[in-house]
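1. this one's structure only:
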């Protein structure tokens, strides 16, 4: 596996902290939502709660900053057949959200952060197709290594009994692309998995690009990259204690 290099950052971290109050604590470990340490990321944010996941959305990037889930073994045993009904999120201001037209002829997939395959009811699965849960994603990544990371996460949830998951984009580098009406294209994507059984977590990170390269990093390392304190009440020692995540195995798609 080649080592991925992270260069630059969207904005410098500050010592200020934006505590994200939450109306959907059920998707966060101990009910504590992440806090945004990078002050520039706090602008035009809006929390959205759905049946099976919660989103912190950015009106600047017109993407989620993160999407959070609580995966339980029993809820993953069965799922309804997938129906792709992508739709704009009416709860977001029109100038701060992505539109279906933004993705047309963009060469990008509408990539789920919280995937429809995680959800066990028709309503939850339908809600997963809100564009508030989407990022512009390279197809080879979305259908390849990222799909396998999602499958590995579900495997671990079934094995452990339950896991908390936080998924989001990273905008790293000096030249960030956009599509449509200014929807920013992430350069990297991460998925944090926290085991309630082992009381520790870690994160997958993959470049939003073709290929199967990925890294597994500690929560502490990811926080320094993202400018987000994902577990505000967790000690730095615990954040550095890395959960052993399963290798994403290549699936037949």
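-> Thanks, I have it. Remember, it's a predicted structure, so these values are computed and weren't measured experimentally.
2. Mind jotting down where the strands sit in the stretch 1-150 of the chain?
-> Per DSSP state E, counting those that start in this stretch, the stretch 1-150 of the chain carries strands over the ranges 18-19, 35-36, 45-49, 54-58, 63-72, 109-112, 134-137.
3. Between those, which one is closest to residue 242.
-> strand 63-72 (19.3 Å; Cβ to Cβ). C-beta here means a position set from N, CA and C on the backbone, and glycine is covered the same way.
4. Name every strand pairing with that closest one and say which way it goes.
-> strand 54-58 (antiparallel), strand 162-170 (antiparallel) (DSSP bridges).
5. right, and the helix or strand after the longest one?
-> This means strand 162-170. Once the chain leaves strand 162-170, the next helix or strand it forms, by DSSP states H and E, is strand 178-179.
6. Turn the strands paired with strand 63-72 into CSV, columns for mean neighbour count and distance to residue 133.
-> Output for the strands paired with strand 63-72, formatted as CSV (neighbours: other Cβ atoms under 10 Å; distance: least, Cβ to Cβ, whole Å):
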stretch, mean neighbour count, distance to residue 133
strand 54-58, 24, 6
strand 162-170, 24, 9
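7. about what we covered before: tabulate the strands of the stretch 1-150 of the chain (a markdown table), appending mean pLDDT and distance to residue 164.
-> Formatted as a markdown table, the strands of the stretch 1-150 of the chain follow (pLDDT from 0 to 100; distance: least, Cβ to Cβ, whole Å):
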| stretch | mean pLDDT | distance to residue 164 |
| --- | --- | --- |
| strand 18-19 | 44 | 19 |
| strand 35-36 | 94 | 16 |
| strand 45-49 | 97 | 16 |
| strand 54-58 | 98 | 11 |
| strand 63-72 | 98 | 6 |
| strand 109-112 | 98 | 17 |
| strand 134-137 | 98 | 20 |
